[in-house]
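> Model the following, please.
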Amino acid sequence: MTDLVKFQPATIPYQEMEKMATVIANSGLFGVKNPVQALALMLVAASEGLHPATAARDYHVIQGRPALKADAMLAKFQAAGGKVEWHEYGATSCKATFYHPQGGKVTIEWTVDMAKSAGLTGKEVWKQYPRAMLRARVISEGIRTVYPAVLCGMYAPEEVRDMVDVEGAAEVAPDYPQQSTQPEPQYDFEAAEATINSFDDDGLLAQWLAQERIKNGWKKAEHPHYVAVKSVCAERAAVIRDARKSAEQSNAGEDTQVN
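Coordinates of the predicted model:
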């Protein structure tokens with residue numbers, strides 16, 4: 001049992017989910033390119049007892065394939081009783097031990113050399129964000145090994161990109177009539193998310209957000225791109241602050257024992 005409160009899908013009619021899917025698709029956010037993709041992910045979320053809107057937060061559509069974000073994988077794993085301990089977390093190596101009462105324990109490591117042997121490091125995203133890519137690989141493999149039930153057969157976006165060799169092309173469902181005449185947004189949300197997750201200092205993260213706003217000309221605070229990026233930054237900043245607080249409490253406990 002967990003303390004999570006499950007969402008009851010019946011509380012939101014299908015017609016309302018269709019409207020939500022259109023809004024998500026037209027925003028150009030979260031890697032979802034049309035209402036069909038958005039609605040499909042929302043139905044997946046609802047089937048798992050989650051609010052349909054969490055689909056945009058937790059999932060990506062990569063070359064027509066649904067993918068569960070690494071952070072969402074880890075959150076679901078921990079909510080289901082799993083634990084993870086990180087041993088290494090760097091740009092050349094990431095290593096962690098995963099444990100679940102029903103699946104046992106395993107230690108998973110991914111290094112740049114391993115990625116190079118697999119033919120992955122030639123891609124631009126691996127060159128720009130090696131730590132984020134290694135981290136996602138470790139999380140996905142570790143959870144899939146000890147407790148695959150929480151993944152429902154899905155892979156992380158980083159893995160799917162490597163499988164289909166995505167190079168930034170628009171992801172459009174086949175034969176789906178485009179309803180909007182507006183051009184596709186040019187902002188790379190996936191790259192921005194990888195950058196945000198690479199920060200370990202909330203002050204530097206805030207500076208990056210301010211610079212990103214200026215660079216992209218987001219003059220209004222309600223600009224949809226800025227709102228989306230700011231939301232992801234807020235989530236990351238909360239994680240950073242929690243980690244810092246835990247470290248401070250741990251250090252305080254050690255000082256007390258010494259004295």
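> Only C-alpha atoms from now on, for both contacts and neighbour counts.
OK.
> all strands in the stretch 101-250 of the chain, in order from the N-terminus.
Counting by DSSP state E, counting those that start in this stretch, the stretch 101-250 of the chain has strands at residues 104-111.
> Point out where the stretch 151-259 of the chain drops to low pLDDT.
By pLDDT under 70, the weakly predicted segments of the stretch 151-259 of the chain are 152-187, 220-222, 253-259.
> residue ranges for the helices of it, please.
157-164, 189-197, 202-215, 224-258 (DSSP state H, counting those that start in this stretch).
> nearest to residue 79, of these?
helix 224-258 (15.8 Å; C-alpha to C-alpha).
> That closest one versus helix 189-197: what angle between them?
20 degrees (axes from the mean of the first three to the mean of the last three C-alpha atoms, to 10 degrees).
> And helix 224-258, what's buried?
For helix 224-258, the buried set under the neighbour-count rule, 16 or more other C-alpha atoms under 10 Å, comprises 225, 226, 228, 229, 230, 232, 233, 234, 236, 237, 240.
> Quick check: which element contains residue 37?
helix 35-47 (DSSP states H and E).
> other SSEs contacting that helix?
Packed against helix 35-47 by the contact rule (3 or more C-alpha pairs under 8 Å, 6 or more residues apart in numbering; DSSP states H and E) you find helix 14-27, helix 54-58.
> one step back: nearest to residue 89, of the buried residues of helix 224-258?
Using C-alpha to C-alpha, the buried residues of helix 224-258 come closest to residue 89 at residue 240, 14.3 Å.
> ok, back up a step: so can I have JSON lines of the helices and strands packed on helix 35-47 showing mean neighbour count, distance to residue 73 and mean pLDDT?
Output for the helices and strands packed on helix 35-47, formatted as JSON lines (neighbours: other C-alpha atoms under 10 Å; distance: least, C-alpha to C-alpha, whole Å; pLDDT from 0 to 100):
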{"stretch": "helix 14-27", "mean neighbour count": "17", "distance to residue 73": "21", "mean pLDDT": "76"}
{"stretch": "helix 54-58", "mean neighbour count": "18", "distance to residue 73": "8", "mean pLDDT": "66"}
